[in-house]
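Colleague: need a structure here:
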Amino acid sequence: MKPLEPAEFGFDQARHLLWRAGFGGTPDQILTLASWGPGKSVDALLDFSDTESYSAPSAREFDGSIMRPPSERERRALQQARQEQNENEIARLRRIRQERQREDRRQVRDMQRWWLTRMIESPRPLEEKLTLFWHGHFATSYRTIENSYHMFQQNQLFRSHAAGNFGELLYAIIRDPAMLAYLDNNENIRGRPNENLARELMELFSLGEGEYSERDIREGARALTGYSFDGNGFAFYPNRHDPGQKSIFGKRGEFDGDDFVTAILSRRDCSEFMAQKLYRFFVAEVPGDRSKRGRAVANVIKQIASDLRENRYEIRPVLRRLLMSEHFYDPSNVMARIKSPAELVVGTIRSLGTPSRDLGTLLSAMDLMGQNLLFPPSVKGWDGERSWINTSTLYVRANVANYLVTGRSPAGMDPLADDRTYDPMGLLADLRFGAERDPEAVSDRLLRLALGASPSRERQWLIKDLFEQRGTIDAESVREALSLICAMPEYQLC
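Modeller: I've put the predicted structure just below:
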(Lines give C-alpha, C1' and ligand atoms only; values in the text may rest on other atoms or scores of the structure.)
Protein backbone atom coordinates (compact mmCIF):
# COMPACT_ATOMS: atom_id res chain seq x y z
CA MET A 1 0.00 0.00 0.00
CA LYS A 2 3.03 2.27 -0.30
CA PRO A 3 2.15 5.30 -2.49
CA LEU A 4 3.24 5.07 -6.11
CA GLU A 5 6.09 7.41 -6.97
CA PRO A 6 4.99 10.23 -9.31
CA ALA A 7 7.81 9.31 -11.70
CA GLU A 8 6.21 5.88 -12.15
CA PHE A 9 2.83 7.33 -13.14
CA GLY A 10 2.53 7.66 -16.91
CA PHE A 11 0.08 7.04 -19.75
CA ASP A 12 -0.54 3.38 -18.89
CA GLN A 13 -1.06 4.02 -15.17
CA ALA A 14 -3.43 6.94 -15.87
CA ARG A 15 -5.39 4.76 -18.29
CA HIS A 16 -5.65 2.03 -15.65
CA LEU A 17 -6.86 4.53 -13.05
CA LEU A 18 -9.54 5.94 -15.35
CA TRP A 19 -10.93 2.49 -16.10
CA ARG A 20 -11.04 1.33 -12.49
CA ALA A 21 -12.20 4.62 -10.95
CA GLY A 22 -14.58 5.29 -13.81
CA PHE A 23 -15.30 4.01 -17.29
CA GLY A 24 -12.10 4.69 -19.18
CA GLY A 25 -10.79 7.88 -20.73
CA THR A 26 -9.81 9.44 -24.04
CA PRO A 27 -6.14 10.03 -24.92
CA ASP A 28 -6.50 13.68 -23.88
CA GLN A 29 -7.92 12.72 -20.49
CA ILE A 30 -5.25 10.07 -19.97
CA LEU A 31 -2.44 12.47 -20.86
CA THR A 32 -3.89 15.13 -18.56
CA LEU A 33 -3.89 12.75 -15.60
CA ALA A 34 -0.41 11.52 -16.49
CA SER A 35 0.83 15.12 -16.31
CA TRP A 36 -0.91 15.65 -12.95
CA GLY A 37 0.59 12.61 -11.22
CA PRO A 38 -1.21 10.10 -8.99
CA GLY A 39 -2.10 12.42 -6.10
CA LYS A 40 -3.84 15.18 -8.04
CA SER A 41 -5.47 12.65 -10.38
CA VAL A 42 -7.01 10.58 -7.58
CA ASP A 43 -8.14 13.69 -5.72
CA ALA A 44 -9.83 15.00 -8.87
CA LEU A 45 -11.68 11.72 -9.38
CA LEU A 46 -12.80 11.66 -5.74
CA ASP A 47 -14.09 15.26 -5.87
CA PHE A 48 -17.81 15.09 -6.64
CA SER A 49 -18.48 18.76 -6.01
CA ASP A 50 -17.49 20.12 -9.42
CA THR A 51 -20.60 20.71 -11.51
CA GLU A 52 -19.05 23.14 -13.99
CA SER A 53 -20.38 22.77 -17.55
CA TYR A 54 -22.37 19.67 -16.63
CA SER A 55 -26.13 19.55 -16.41
CA ALA A 56 -27.20 16.11 -15.23
CA PRO A 57 -30.15 14.61 -17.11
CA SER A 58 -33.31 15.77 -15.41
CA ALA A 59 -35.15 13.45 -13.05
CA ARG A 60 -37.88 15.94 -12.25
CA GLU A 61 -40.31 14.33 -14.66
CA PHE A 62 -40.27 11.04 -12.75
CA ASP A 63 -43.67 10.58 -11.11
CA GLY A 64 -43.68 9.32 -7.53
CA SER A 65 -47.43 8.87 -7.43
CA ILE A 66 -47.95 6.20 -10.09
CA MET A 67 -47.86 3.30 -7.60
CA ARG A 68 -49.27 5.23 -4.66
CA PRO A 69 -51.45 3.22 -2.25
CA PRO A 70 -55.21 3.40 -2.96
CA SER A 71 -56.93 6.37 -1.34
CA GLU A 72 -59.58 5.87 1.30
CA ARG A 73 -62.21 6.71 -1.31
CA GLU A 74 -60.82 4.14 -3.74
CA ARG A 75 -60.69 1.45 -1.04
CA ARG A 76 -64.32 2.13 -0.10
CA ALA A 77 -65.37 2.00 -3.76
CA LEU A 78 -63.69 -1.37 -4.24
CA GLN A 79 -65.12 -2.74 -1.00
CA GLN A 80 -68.62 -1.61 -1.98
CA ALA A 81 -68.30 -3.10 -5.45
CA ARG A 82 -67.29 -6.45 -3.95
CA GLN A 83 -70.13 -6.38 -1.45
CA GLU A 84 -72.61 -5.62 -4.23
CA GLN A 85 -70.90 -8.12 -6.55
CA ASN A 86 -70.66 -5.36 -9.14
CA GLU A 87 -68.34 -7.08 -11.60
CA ASN A 88 -68.31 -4.14 -14.03
CA GLU A 89 -67.11 -1.74 -11.34
CA ILE A 90 -64.54 -4.25 -10.07
CA ALA A 91 -63.26 -4.69 -13.64
CA ARG A 92 -63.08 -0.90 -14.13
CA LEU A 93 -61.05 -0.42 -10.96
CA ARG A 94 -58.79 -3.31 -11.94
CA ARG A 95 -58.16 -1.73 -15.36
CA ILE A 96 -57.15 1.53 -13.69
CA ARG A 97 -54.65 -0.36 -11.52
CA GLN A 98 -53.28 -2.29 -14.51
CA GLU A 99 -52.80 0.93 -16.50
CA ARG A 100 -50.84 2.41 -13.59
CA GLN A 101 -48.66 -0.72 -13.54
CA ARG A 102 -48.01 -0.38 -17.30
CA GLU A 103 -47.14 3.28 -16.82
CA ASP A 104 -44.75 2.34 -14.02
CA ARG A 105 -43.00 -0.19 -16.25
CA ARG A 106 -42.59 2.51 -18.88
CA GLN A 107 -41.13 4.81 -16.24
CA VAL A 108 -38.57 2.28 -15.05
CA ARG A 109 -37.33 1.98 -18.65
CA ASP A 110 -36.98 5.76 -18.73
CA MET A 111 -34.99 5.55 -15.48
CA GLN A 112 -32.62 3.03 -17.04
CA ARG A 113 -31.97 5.44 -19.91
CA TRP A 114 -31.53 8.29 -17.42
CA TRP A 115 -28.91 6.39 -15.43
CA LEU A 116 -27.07 5.12 -18.51
CA THR A 117 -26.92 8.72 -19.75
CA ARG A 118 -25.43 9.82 -16.41
CA MET A 119 -22.74 7.14 -16.62
CA ILE A 120 -21.87 8.21 -20.17
CA GLU A 121 -21.87 11.97 -19.64
CA SER A 122 -20.94 12.63 -16.01
CA PRO A 123 -17.68 14.52 -15.34
CA ARG A 124 -17.66 12.59 -12.05
CA PRO A 125 -17.28 9.03 -13.34
CA LEU A 126 -16.24 7.61 -9.96
CA GLU A 127 -19.52 8.84 -8.47
CA GLU A 128 -21.47 6.79 -11.01
CA LYS A 129 -19.05 3.84 -10.71
CA LEU A 130 -19.66 3.75 -6.95
CA THR A 131 -23.42 4.07 -7.48
CA LEU A 132 -23.14 0.97 -9.66
CA PHE A 133 -21.07 -0.74 -6.95
CA TRP A 134 -23.67 -0.06 -4.25
CA HIS A 135 -26.47 -1.18 -6.59
CA GLY A 136 -24.75 -4.54 -6.91
CA HIS A 137 -23.94 -4.68 -3.19
CA PHE A 138 -27.39 -3.75 -1.85
CA ALA A 139 -29.05 -5.50 -4.78
CA THR A 140 -32.74 -4.67 -5.19
CA SER A 141 -34.80 -5.55 -8.26
CA TYR A 142 -37.72 -3.68 -9.75
CA ARG A 143 -39.13 -7.02 -10.85
CA THR A 144 -39.96 -7.85 -7.23
CA ILE A 145 -41.05 -4.50 -5.80
CA GLU A 146 -42.77 -3.11 -8.95
CA ASN A 147 -42.37 0.50 -7.90
CA SER A 148 -40.10 2.54 -10.19
CA TYR A 149 -39.97 5.57 -7.94
CA HIS A 150 -38.72 3.51 -5.03
CA MET A 151 -35.92 2.24 -7.30
CA PHE A 152 -35.14 5.84 -8.30
CA GLN A 153 -35.00 6.93 -4.65
CA GLN A 154 -32.62 4.08 -3.86
CA ASN A 155 -30.41 4.96 -6.81
CA GLN A 156 -30.21 8.53 -5.54
CA LEU A 157 -29.44 7.23 -2.05
CA PHE A 158 -26.46 5.29 -3.40
CA ARG A 159 -25.25 8.36 -5.31
CA SER A 160 -25.52 10.64 -2.29
CA HIS A 161 -23.46 8.18 -0.20
CA ALA A 162 -21.20 7.08 -3.08
CA ALA A 163 -17.84 7.78 -1.43
CA GLY A 164 -19.33 8.74 1.90
CA ASN A 165 -19.73 6.76 5.09
CA PHE A 166 -20.63 3.08 4.82
CA GLY A 167 -22.12 3.09 8.32
CA GLU A 168 -24.46 5.92 7.43
CA LEU A 169 -25.50 4.07 4.29
CA LEU A 170 -26.20 0.94 6.34
CA TYR A 171 -28.42 2.94 8.71
CA ALA A 172 -30.17 4.43 5.66
CA ILE A 173 -30.72 1.10 3.92
CA ILE A 174 -32.92 -0.21 6.75
CA ARG A 175 -35.14 2.82 6.06
CA ASP A 176 -35.13 2.54 2.28
CA PRO A 177 -38.61 1.73 0.90
CA ALA A 178 -37.23 -0.30 -2.01
CA MET A 179 -35.10 -2.50 0.28
CA LEU A 180 -37.87 -2.83 2.89
CA ALA A 181 -40.29 -4.01 0.21
CA TYR A 182 -37.73 -6.24 -1.54
CA LEU A 183 -36.88 -8.15 1.64
CA ASP A 184 -40.43 -8.09 3.06
CA ASN A 185 -39.64 -6.02 6.14
CA ASN A 186 -42.97 -4.25 5.74
CA GLU A 187 -44.36 -7.62 6.88
CA ASN A 188 -42.00 -7.83 9.87
CA ILE A 189 -44.19 -7.33 12.94
CA ARG A 190 -44.09 -8.11 16.64
CA GLY A 191 -44.93 -11.74 17.36
CA ARG A 192 -44.42 -12.73 13.74
CA PRO A 193 -40.94 -11.52 12.73
CA ASN A 194 -39.79 -11.79 9.11
CA GLU A 195 -36.08 -12.65 9.03
CA ASN A 196 -35.22 -11.73 5.41
CA LEU A 197 -33.73 -8.29 5.98
CA ALA A 198 -31.92 -9.27 9.18
CA ARG A 199 -30.30 -12.25 7.47
CA GLU A 200 -29.16 -10.42 4.32
CA LEU A 201 -28.08 -7.37 6.29
CA MET A 202 -25.44 -9.58 7.89
CA GLU A 203 -24.72 -12.23 5.25
CA LEU A 204 -24.58 -10.16 2.06
CA PHE A 205 -24.36 -6.54 3.14
CA SER A 206 -21.90 -6.37 6.04
CA LEU A 207 -20.41 -9.51 7.62
CA GLY A 208 -20.41 -12.44 5.24
CA GLU A 209 -21.65 -15.96 5.60
CA GLY A 210 -20.86 -17.73 8.86
CA GLU A 211 -20.09 -14.62 10.90
CA TYR A 212 -23.35 -14.71 12.87
CA SER A 213 -25.67 -17.26 14.44
CA GLU A 214 -29.27 -18.19 13.74
CA ARG A 215 -30.13 -16.53 17.04
CA ASP A 216 -28.56 -13.29 15.81
CA ILE A 217 -30.87 -13.48 12.79
CA ARG A 218 -33.98 -14.04 14.90
CA GLU A 219 -33.08 -11.29 17.37
CA GLY A 220 -32.05 -8.91 14.59
CA ALA A 221 -35.40 -9.50 12.92
CA ARG A 222 -37.13 -8.57 16.18
CA ALA A 223 -35.06 -5.37 16.32
CA LEU A 224 -36.29 -4.48 12.82
CA THR A 225 -39.99 -5.06 13.53
CA GLY A 226 -42.11 -2.04 12.69
CA TYR A 227 -39.63 -0.69 10.10
CA SER A 228 -41.77 -0.12 7.03
CA PHE A 229 -42.78 2.60 4.57
CA ASP A 230 -45.77 4.72 3.76
CA GLY A 231 -45.97 5.83 0.14
CA ASN A 232 -42.46 6.94 -0.81
CA GLY A 233 -41.13 7.47 2.70
CA PHE A 234 -39.89 5.46 5.66
CA ALA A 235 -42.42 4.79 8.40
CA PHE A 236 -41.84 3.35 11.86
CA TYR A 237 -44.89 1.75 13.46
CA PRO A 238 -44.41 1.49 17.24
CA ASN A 239 -47.37 -0.86 17.61
CA ARG A 240 -45.66 -3.35 15.27
CA HIS A 241 -42.25 -3.09 16.97
CA ASP A 242 -41.05 -5.62 19.52
CA PRO A 243 -39.58 -3.54 22.37
CA GLY A 244 -38.49 -6.51 24.45
CA GLN A 245 -35.02 -7.65 25.48
CA LYS A 246 -32.92 -9.10 22.67
CA SER A 247 -29.53 -10.79 22.53
CA ILE A 248 -27.39 -9.87 19.49
CA PHE A 249 -23.77 -11.02 19.23
CA GLY A 250 -23.92 -11.97 22.89
CA LYS A 251 -25.07 -8.57 24.15
CA ARG A 252 -28.51 -7.93 25.62
CA GLY A 253 -30.71 -4.88 25.37
CA GLU A 254 -33.99 -3.47 24.10
CA PHE A 255 -32.46 -3.10 20.68
CA ASP A 256 -34.08 -1.45 17.66
CA GLY A 257 -32.89 -1.36 14.03
CA ASP A 258 -30.24 1.30 14.65
CA ASP A 259 -28.86 -0.68 17.59
CA PHE A 260 -28.68 -3.73 15.34
CA VAL A 261 -26.68 -1.81 12.71
CA THR A 262 -24.41 -0.36 15.41
CA ALA A 263 -23.70 -3.88 16.66
CA ILE A 264 -22.82 -4.98 13.14
CA LEU A 265 -20.46 -2.05 12.55
CA SER A 266 -18.66 -2.72 15.82
CA ARG A 267 -17.55 -6.14 14.61
CA ARG A 268 -14.13 -6.52 13.00
CA ASP A 269 -15.68 -8.91 10.47
CA CYS A 270 -17.59 -6.00 8.94
CA SER A 271 -14.48 -4.04 7.96
CA GLU A 272 -12.82 -7.18 6.58
CA PHE A 273 -15.90 -8.10 4.55
CA MET A 274 -16.20 -4.63 3.03
CA ALA A 275 -12.45 -4.47 2.38
CA GLN A 276 -12.71 -7.62 0.31
CA LYS A 277 -15.74 -6.30 -1.60
CA LEU A 278 -13.93 -3.03 -2.42
CA TYR A 279 -10.77 -4.88 -3.44
CA ARG A 280 -12.68 -7.21 -5.76
CA PHE A 281 -14.50 -4.31 -7.43
CA PHE A 282 -11.57 -1.92 -7.84
CA VAL A 283 -8.51 -4.15 -8.06
CA ALA A 284 -8.93 -7.86 -8.88
CA GLU A 285 -10.34 -11.18 -7.82
CA VAL A 286 -9.15 -12.43 -4.43
CA PRO A 287 -6.98 -15.57 -4.71
CA GLY A 288 -8.21 -18.47 -2.66
CA ASP A 289 -4.79 -19.90 -1.90
CA ARG A 290 -1.67 -19.16 0.15
CA SER A 291 0.60 -18.50 -2.83
CA LYS A 292 2.94 -15.51 -2.78
CA ARG A 293 0.32 -13.42 -4.57
CA GLY A 294 -2.44 -14.80 -2.33
CA ARG A 295 -0.53 -13.73 0.78
CA ALA A 296 0.21 -10.29 -0.70
CA VAL A 297 -3.47 -9.71 -1.54
CA ALA A 298 -4.56 -10.90 1.90
CA ASN A 299 -2.16 -8.40 3.47
CA VAL A 300 -3.52 -5.54 1.34
CA ILE A 301 -7.10 -6.43 2.25
CA LYS A 302 -6.15 -6.39 5.93
CA GLN A 303 -4.71 -2.91 5.48
CA ILE A 304 -7.88 -1.72 3.72
CA ALA A 305 -9.95 -3.16 6.59
CA SER A 306 -7.73 -1.36 9.09
CA ASP A 307 -8.16 1.88 7.14
CA LEU A 308 -11.94 1.43 7.21
CA ARG A 309 -11.90 1.06 10.99
CA GLU A 310 -9.52 3.96 11.53
CA ASN A 311 -11.63 6.21 9.31
CA ARG A 312 -14.88 5.08 10.93
CA TYR A 313 -16.05 3.59 7.61
CA GLU A 314 -15.48 6.74 5.55
CA ILE A 315 -14.96 5.40 2.02
CA ARG A 316 -13.22 8.39 0.39
CA PRO A 317 -9.91 8.28 2.36
CA VAL A 318 -9.78 4.49 2.03
CA LEU A 319 -10.23 4.65 -1.72
CA ARG A 320 -7.70 7.47 -1.97
CA ARG A 321 -5.00 5.35 -0.36
CA LEU A 322 -5.89 2.29 -2.44
CA LEU A 323 -5.97 4.15 -5.77
CA MET A 324 -2.59 5.76 -5.04
CA SER A 325 -0.88 2.56 -3.91
CA GLU A 326 1.89 0.65 -5.66
CA HIS A 327 -0.25 -2.47 -5.33
CA PHE A 328 -3.10 -0.97 -7.35
CA TYR A 329 -0.74 -0.35 -10.30
CA ASP A 330 1.11 -3.66 -10.04
CA PRO A 331 1.21 -5.30 -13.50
CA SER A 332 -0.61 -8.34 -12.11
CA ASN A 333 -3.63 -6.10 -11.39
CA VAL A 334 -3.70 -4.31 -14.74
CA MET A 335 -6.17 -5.76 -17.29
CA ALA A 336 -7.04 -8.29 -14.58
CA ARG A 337 -10.82 -7.72 -14.37
CA ILE A 338 -13.49 -8.65 -16.88
CA LYS A 339 -15.56 -5.63 -17.83
CA SER A 340 -19.14 -5.75 -16.70
CA PRO A 341 -21.67 -5.01 -19.47
CA ALA A 342 -22.04 -1.48 -18.07
CA GLU A 343 -18.27 -0.98 -18.10
CA LEU A 344 -18.03 -2.38 -21.63
CA VAL A 345 -20.78 -0.17 -23.08
CA VAL A 346 -20.06 3.04 -21.18
CA GLY A 347 -16.31 2.53 -21.38
CA THR A 348 -16.34 2.11 -25.15
CA ILE A 349 -18.24 5.39 -25.53
CA ARG A 350 -16.13 7.31 -23.01
CA SER A 351 -12.70 6.00 -24.06
CA LEU A 352 -13.14 5.92 -27.86
CA GLY A 353 -15.51 8.91 -28.09
CA THR A 354 -18.13 7.04 -30.11
CA PRO A 355 -21.73 8.26 -30.36
CA SER A 356 -23.96 6.74 -27.68
CA ARG A 357 -26.40 5.83 -30.48
CA ASP A 358 -29.73 4.33 -29.37
CA LEU A 359 -29.91 3.90 -25.58
CA GLY A 360 -32.72 1.34 -25.87
CA THR A 361 -30.51 -0.83 -28.08
CA LEU A 362 -27.63 -0.52 -25.60
CA LEU A 363 -29.85 -1.44 -22.63
CA SER A 364 -31.24 -4.46 -24.50
CA ALA A 365 -27.70 -5.57 -25.31
CA MET A 366 -26.68 -5.14 -21.65
CA ASP A 367 -29.62 -7.32 -20.66
CA LEU A 368 -28.49 -10.00 -23.13
CA MET A 369 -24.98 -9.72 -21.67
CA GLY A 370 -26.37 -10.38 -18.19
CA GLN A 371 -26.63 -6.93 -16.57
CA ASN A 372 -30.07 -5.38 -16.70
CA LEU A 373 -29.82 -2.14 -14.70
CA LEU A 374 -32.34 -1.96 -11.82
CA PHE A 375 -33.03 -5.68 -12.32
CA PRO A 376 -30.23 -7.60 -10.55
CA PRO A 377 -30.89 -11.36 -10.68
CA SER A 378 -31.10 -11.83 -6.91
CA VAL A 379 -30.31 -10.24 -3.57
CA LYS A 380 -26.72 -11.40 -4.15
CA GLY A 381 -26.45 -9.05 -7.10
CA TRP A 382 -24.33 -9.99 -10.10
CA ASP A 383 -21.58 -12.57 -9.62
CA GLY A 384 -19.40 -10.70 -12.12
CA GLU A 385 -16.00 -11.57 -13.55
CA ARG A 386 -16.02 -14.95 -15.36
CA SER A 387 -19.80 -15.23 -15.12
CA TRP A 388 -20.01 -12.35 -17.62
CA ILE A 389 -18.46 -14.49 -20.34
CA ASN A 390 -20.06 -17.40 -22.21
CA THR A 391 -20.62 -18.30 -25.85
CA SER A 392 -23.79 -16.20 -26.06
CA THR A 393 -22.63 -13.10 -24.19
CA LEU A 394 -19.26 -12.97 -25.98
CA TYR A 395 -21.10 -12.70 -29.30
CA VAL A 396 -23.23 -9.80 -28.03
CA ARG A 397 -20.23 -8.10 -26.38
CA ALA A 398 -18.35 -8.04 -29.69
CA ASN A 399 -21.43 -6.85 -31.59
CA VAL A 400 -22.34 -4.02 -29.22
CA ALA A 401 -18.81 -2.60 -29.37
CA ASN A 402 -18.94 -2.85 -33.16
CA TYR A 403 -22.34 -1.10 -33.11
CA LEU A 404 -20.91 1.83 -31.18
CA VAL A 405 -17.99 2.16 -33.60
CA THR A 406 -19.86 1.59 -36.88
CA GLY A 407 -23.57 2.10 -36.18
CA ARG A 408 -24.37 -1.42 -37.36
CA SER A 409 -26.80 -2.76 -34.78
CA PRO A 410 -26.16 -5.95 -32.79
CA ALA A 411 -28.42 -8.99 -32.36
CA GLY A 412 -29.68 -9.08 -35.93
CA MET A 413 -31.40 -5.69 -35.79
CA ASP A 414 -31.62 -3.26 -38.70
CA PRO A 415 -28.00 -2.78 -39.85
CA LEU A 416 -28.84 0.80 -40.89
CA ALA A 417 -30.49 1.68 -37.59
CA ASP A 418 -27.99 4.45 -36.84
CA ASP A 419 -26.31 6.33 -39.66
CA ARG A 420 -24.40 8.80 -37.46
CA THR A 421 -20.79 8.76 -38.58
CA TYR A 422 -18.14 8.32 -35.92
CA ASP A 423 -14.91 10.22 -36.54
CA PRO A 424 -12.14 8.51 -34.56
CA MET A 425 -9.30 10.70 -35.80
CA GLY A 426 -9.34 12.70 -32.57
CA LEU A 427 -7.77 9.65 -30.90
CA LEU A 428 -4.60 10.41 -32.90
CA ALA A 429 -4.62 14.20 -32.50
CA ASP A 430 -1.80 14.40 -29.95
CA LEU A 431 0.66 12.18 -31.86
CA ARG A 432 3.80 13.92 -33.06
CA PHE A 433 3.67 15.46 -36.52
CA GLY A 434 3.72 12.75 -39.17
CA ALA A 435 3.09 9.91 -36.72
CA GLU A 436 -0.64 10.09 -37.40
CA ARG A 437 0.18 8.70 -40.88
CA ASP A 438 2.61 6.04 -39.65
CA PRO A 439 0.93 2.57 -39.48
CA GLU A 440 3.16 1.45 -36.63
CA ALA A 441 2.59 4.57 -34.50
CA VAL A 442 -1.16 4.55 -35.13
CA SER A 443 -1.55 0.84 -34.40
CA ASP A 444 0.45 1.27 -31.19
CA ARG A 445 -1.77 4.17 -30.07
CA LEU A 446 -5.05 2.36 -30.77
CA LEU A 447 -3.92 -0.87 -29.13
CA ARG A 448 -2.52 0.87 -26.03
CA LEU A 449 -5.69 2.89 -25.67
CA ALA A 450 -8.07 -0.05 -26.13
CA LEU A 451 -6.10 -2.98 -24.71
CA GLY A 452 -3.65 -1.44 -22.26
CA ALA A 453 0.12 -1.50 -22.08
CA SER A 454 2.29 -3.72 -24.28
CA PRO A 455 -0.24 -5.54 -26.47
CA SER A 456 1.21 -8.65 -28.06
CA ARG A 457 3.35 -8.35 -31.17
CA GLU A 458 0.78 -10.41 -33.05
CA ARG A 459 -1.86 -7.78 -32.31
CA GLN A 460 0.50 -4.97 -33.36
CA TRP A 461 1.33 -6.69 -36.65
CA LEU A 462 -2.35 -7.39 -37.33
CA ILE A 463 -3.42 -3.75 -37.03
CA LYS A 464 -0.28 -2.41 -38.72
CA ASP A 465 -0.87 -4.75 -41.67
CA LEU A 466 -4.47 -3.55 -41.94
CA PHE A 467 -3.31 0.04 -42.45
CA GLU A 468 -0.57 -1.01 -44.85
CA GLN A 469 -3.04 -3.03 -46.93
CA ARG A 470 -5.48 -0.11 -47.01
CA GLY A 471 -2.66 2.18 -48.10
CA THR A 472 -4.04 5.08 -46.07
CA ILE A 473 -4.88 6.09 -42.54
CA ASP A 474 -8.22 7.83 -42.54
CA ALA A 475 -11.43 7.73 -40.50
CA GLU A 476 -12.72 4.67 -42.33
CA SER A 477 -9.55 2.62 -41.86
CA VAL A 478 -9.28 3.62 -38.18
CA ARG A 479 -12.92 2.59 -37.62
CA GLU A 480 -12.14 -0.73 -39.27
CA ALA A 481 -9.12 -1.19 -37.00
CA LEU A 482 -11.14 -0.33 -33.89
CA SER A 483 -13.87 -2.80 -34.88
CA LEU A 484 -11.22 -5.50 -35.11
CA ILE A 485 -9.61 -4.49 -31.80
CA CYS A 486 -12.97 -4.42 -29.98
CA ALA A 487 -13.59 -8.01 -31.11
CA MET A 488 -10.34 -9.21 -29.50
CA PRO A 489 -10.60 -11.20 -26.26
CA GLU A 490 -8.28 -8.70 -24.53
CA TYR A 491 -10.86 -5.95 -25.05
CA GLN A 492 -13.10 -7.68 -22.53
CA LEU A 493 -10.57 -6.83 -19.80
CA CYS A 494 -9.90 -3.65 -17.89
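Colleague: got the buried residues for the helix or strand hosting residue 485?
Modeller: Per DSSP states H and E, residue 485 falls inside helix 475-486. Buried residues in helix 475-486, defined by neighbour count with 16 or more other CB atoms under 10 Å: 477, 478, 479, 480, 481, 482, 483, 484, 485, 486. Any C-beta I mention is one placed from the backbone N, CA and C, and that applies to glycine too.
Colleague: Same check on stretch 225-239?
Modeller: Across stretch 225-239, burial judged by 16+ other CB under 10 Å covers 225, 226, 227, 228, 229, 232.
Colleague: So which of those residues belong to strands?
Modeller: 227, 228, 229 (DSSP state E).
Colleague: Residue 144: which of the residues you listed is nearest?
Modeller: Taking CB to CB as the measure, residue 144 lies nearest residue 229 of those, at 14.7 Å.
Colleague: ok, that closest one to residue 154 distance?
Modeller: Computed as CB to CB, to the nearest Å, the residue 229 to residue 154 distance reads 12 Å.
Colleague: Overlap of the contact sets of those two?
Modeller: Taking CB atoms under 8 Å, 6 or more residues apart in numbering as the criterion, residue 229 and residue 154 both touch residue 177.
Colleague: Where do the strands of the chain begin and end?
Modeller: Going by DSSP E, the chain shows strands at 227-230, 233-236, 246-248, 251-253.
Colleague: So residue 443 sits against residue 458, correct?
Modeller: No: checked against CB atoms under 8 Å, the pair residue 443 and residue 458 is beyond contact range at 11.8 Å.
Colleague: quick one: which of the two has more around it?
Modeller: Shown here are residue 443 and residue 458; by other CB atoms under 10 Å, residue 443 has more neighbours (24 against 7).
Colleague: In space, what's closest to the more buried one - neighbours in sequence excluded?
Modeller: Closest residue in space to residue 443, ignoring its immediate chain neighbours: residue 463 at 3.8 Å, by CB to CB, 6 or more residues apart in numbering.
Colleague: again with residue 154
Modeller: Nearest residue to residue 154 in three dimensions, chain neighbours excluded: residue 178, at 4.2 Å (CB to CB, 6+ apart).
Colleague: for that neighbour, what are its contacts?
Modeller: Residues counted as contacts of residue 178 (CB under 8 Å, 6+ apart) are 140, 145, 147, 150, 151, 153, 154.
Colleague: what about burial for those, which qualify?
Modeller: Among those, those classed as buried by 16+ other CB under 10 Å are 140, 145, 147, 150, 151, 153, 154.
Colleague: Among those residues, which are located in helices?
Modeller: Mapping the buried ones among the contacts of residue 178 onto helices (DSSP state H) picks out 145, 150, 151, 153, 154.
Colleague: Quick check: the farthest pair among the residues you listed?
Modeller: Every pair of those checked by CB to CB; the farthest is 145 and 153, at 11.2 Å.
Colleague: quick one on the thing from earlier: looking at the buried residues of helix 475-486, spot the one nearest residue 206.
Modeller: Of all the buried residues of helix 475-486, residue 486 has the smallest distance to residue 206: 38.4 Å, by CB to CB.
Colleague: Next, the contact list for residue 474, please.
Modeller: Taking CB under 8 Å, 6+ apart as the contact definition, residue 474 lies against residue 425.
Colleague: Save the buried ones among the contacts of residue 178 as a markdown table, and put in pLDDT and distance to residue 76 too.
Modeller: Putting those into a markdown table (pLDDT from 0 to 100; distance: CB to CB, whole Å) gives the following:
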| residue | pLDDT | distance to residue 76 |
| --- | --- | --- |
| 140 | 98 | 33 |
| 145 | 97 | 26 |
| 147 | 98 | 23 |
| 150 | 98 | 26 |
| 151 | 98 | 30 |
| 153 | 97 | 29 |
| 154 | 98 | 32 |
